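1. Quick one, fold the following:
(2 chains)
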Amino acid sequence: MLDIKRIRENPDWVRQGLVARGAATEAVDNLRRVDETRRELLTDVESLKSQRNAASKQIGDLKKKGQDTGAAQAAVREVGDRIAALDERVRAVEGELDQILLMIPNVPHASVPVGHSDAENPIVAQHGTPREFAFQPKGHVELGEHLGLMDFKRAARMSGAGFALFIGAGARLQRALIQFMLDVHVRDHGYTEVWPPALVNSAAMTGTGQLPKMAEDMYRLAADELYLIPTAEVPVTNFYREDIIERPLPIYLTAYTPCFRREAGAAGKDTRGLIRLHQFDKVEMVKFAAPETSYDELEKLRADAEDILQRLGLVYRVKSLCTGDLSFAAAKCYDLELWAPGQQAWLEVSSCSNFEDFQARRAGIRYRDENGKTRFVHTLNGSGVALPRLVVAILENGQQADGSVVLPPAIVPYMNGVERLTVSV
RNA sequence: GGAGGGGUGGCAGAGCGGCCGAAUGCGGCGGUCUUGAAAACCGUUGACCCGCAAGGGUCCGUGGGUUCGAAUCCCACCCCCUCCGCCA
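-> Reported below is the predicted structural model:
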């Protein structure tokens, strides 16, 4: 959510941001009109309340002296009726204001490249070069099923399309990667590990920006009005919801959680294998930073995610999302993409975003600056990283001519010493 | 799920329907004292909104209601604690 004061003072800032995203701008004018109405109503109703407070006090004094207050009470009751009517209008107008404000996306940072779609996201870095194969590299589905690591048919039978079922070393590999990534972030990158709920209420979802706009993409438990988290970003960012953080910033948190996505808009896309699932696992990093340092923190966050990929010896590139491809709540975002030779494609395994105070304002997350003044923090998060596509890259990059897979040395200790996945394992 | 108790400022903890944004203690901050520190003493210390300002308004779990006036009374819901039941 944007700051209404800032919109009031500098509407063009928002308008330009919306234009850069390719979004409509009339909301800005609606907002200013409604804001104006709200302030007029507030001035009126608050002066009436001031009157009432004074009059009620007088009535109290008169009663103490034993005087009759019938006429005075009737007069104040009439004021009270007017207040009630105005209050109702204020509530309605504030509801309208919130409605508009909650639907306006964040304004892109000045450093974000301008563009219309993902086709215009510049590649800002690449690490490693794709491996040359002496044979035709296979896809992860063929490799994984051949090695007995996963079974999509059985998964579909019990859950439908878009679910994974890992077996044996395949299941162990999930656990190994989760453990490995959490260890690196906690031990070497300074994060505190948290283990949050996977079900959250609508307030939490609104706080991070999934609601109201992305309601269709989430699994909702109607009987309890709870949602399955689409990412650990939601519960971990909401760690400090409605709080004034009294600890020094920045704060780094990391969490492993399952993630659930309906993929409502992606029906029929990437239906085979691990590329796009309704349920997947992810290690997430979340930061709470002072506004002055949040863009430095974004670079460090990206480096923390890259470190995971580097330690696993994988080939990846980094894109800076252009204004037209930026997600709703983000002010700036880097995507990390792994090379998957079986797919002959780059797979997104991490988005590292700075939301500035957009989420903090929605979720009520504040801190005190050096003068003791409360201010909204800047929130950031990035995958560190998403599991299924990481597994795709590990299998497809590590495959040998005989169909076995050599694992990255960094996870061998987590695999109980297994260096290579073969049919017999 | 059932019965009972409770939700007040950073924490602990008072609070008669008007004098309560709220006693008191702790903590925090500033000061006196001290070579320095501690102790002691003095002062200070919530958030949000409207307003150029003066000032005004709102907030005592949440939402409604009663009243001229609600932290205080009524209703619903949420959360916490104790006991019982059930259960991984």
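
2. C-alpha from now on. contacts and neighbour counts both.
-> Fine.

3. C-terminal to the lengthiest helix in chain A, which secondary structure element comes first?
-> The single longest helix within chain A, with elements called by DSSP state H, is helix A:26-64. Reading on from helix A:26-64 to the C-terminus, the next helix or strand found by DSSP states H and E is helix A:70-103.

4. isn't residue A:41 right next to residue A:85, touching?
-> No - in this structure residue A:41 lies outside contact range of residue A:85 using Cα atoms under 8 Å: 10.8 Å.

5. any idea how far residue A:393 is from residue A:18?
-> Residue A:18 is 36 Å from residue A:393, where distance means Cα to Cα, to the nearest Å.

6. more crowded one of those two?
-> Set side by side, residue A:18 and residue A:393 show unequal neighbour counts under other Cα atoms under 10 Å, the larger going to residue A:393 at 26 against 23.

7. pretty sure the more buried one belongs to a helix, no?
-> Yes - Residue A:393: assigned to a helix according to DSSP: H, G, I helix; E, B strand; the rest coil.

8. was I right about it contacting residue A:343?
-> No - distance between residue A:393 and residue A:343: 9.3 Å, which falls outside the contact criterion (Cα under 8 Å).

9. So what sits opposite the closest residue to RNA strand B within the stretch 301-425 of chain A in the bridge?
-> The nearest approach of the stretch 301-425 of chain A to RNA strand B comes at residue A:374, 4.8 Å away (Cα to the nearest atom of the strand). Beta-bridge pairing of residue A:374, defined through DSSP bridges, involves residue A:368.

10. what's around it, how many residues?
-> Here the count is done by other Cα under 10 Å, and residue A:374 has 14 residues near it.

11. got the contact list for it?
-> Shown here is residue A:374, whose contacts under the criterion Cα atoms under 8 Å, 6 or more residues apart in numbering are A:244, A:366, A:367, A:368.

12. repeat that with 7 Å
-> For residue A:374, the contact set (Cα atoms under 7 Å, 6 or more residues apart in numbering) comprises A:366, A:367, A:368.

13. do residue A:298 as well
-> With Cα under 7 Å, 6+ apart as the criterion, the residues that contact residue A:298 are A:353, A:354, A:380.

14. my guess is the last one is in a strand, correct?
-> Yes - per three-state DSSP, residue A:380 lies within a strand segment.

15. Specify the beta-bridge partners of the spatially closest residue to it that is not a sequence neighbour.
-> Closest residue to residue A:380 in three dimensions, ignoring its sequence neighbours and counting by Cα to Cα, 6 or more residues apart in numbering: residue A:354, at 4.5 Å. According to DSSP bridges, the residues that bridge with residue A:354 are residue A:332, residue A:380.

16. any idea of the pLDDT on residue A:354?
-> Residue A:354 is assigned 98 on the pLDDT scale.

17. can you pull the contacts of it?
-> By Cα under 7 Å, 6+ apart, the contact list for residue A:354 reads A:298, A:330, A:331, A:332, A:333, A:379, A:380, A:381.

18. Make a markdown table out of those residues and add distance to residue A:10 and pLDDT.
-> Compiled in a markdown table, these are given as follows (distance: Cα to Cα, whole Å; pLDDT from 0 to 100):
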| residue | distance to residue A:10 | pLDDT |
| --- | --- | --- |
| A:298 | 26 | 98 |
| A:330 | 20 | 97 |
| A:331 | 17 | 97 |
| A:332 | 20 | 98 |
| A:333 | 24 | 98 |
| A:379 | 23 | 96 |
| A:380 | 25 | 97 |
| A:381 | 28 | 97 |
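
19. which of those residues lies closest to residue A:117?
-> Ranked by distance to residue A:117 (Cα to Cα), the contacts of residue A:354 are led by residue A:333 at 13.8 Å.

20. which residues sit in contact with that closest one?
-> For residue A:333, the contacting residues are A:320, A:321, A:326, A:351, A:352, A:353, A:354, taking Cα under 7 Å, 6+ apart as the criterion.

21. Of the residues you listed - the most surrounded one?
-> When neighbours are counted by other Cα under 10 Å, residue A:354 leads those with 30 neighbours.

22. Now the residue in the stretch 201-350 of chain A that RNA strand B sits nearest to: closest residue in space, sequence neighbours ignored.
-> Going by Cα to the nearest atom of the strand, RNA strand B is nearest to residue A:244 of the stretch 201-350 of chain A, at 7.7 Å. With Cα to Cα, 6+ apart as the measure, residue A:366 is the residue that lies nearest to residue A:244, at 4.6 Å, once sequence neighbours are left out.

23. now what about the helix or strand the one you found falls within, what contacts it?
-> For residue A:366, the element it lies in under DSSP H and E is strand A:365-368. If you take Cα under 7 Å, 6+ apart as the criterion, strand A:365-368 is touched by A:240, A:241, A:242, A:243, A:244, A:245, A:246, A:360, A:374, A:375, A:376, A:377.

24. Please verify my assumption that the last one contacts residue A:289.
-> By that I understand residue A:377. Yes - the pair residue A:377 and residue A:289 passes the contact test of Cα atoms under 7 Å, sitting 5.9 Å apart.

25. show me where pLDDT drops low in chain A?
-> A:267-268, A:424-425 (pLDDT under 70).

26. Specify the residue ranges that define each domain of it.
-> Domain assignment of chain A by automatic domain parsing yields the ranges A:4-103, A:118-421.
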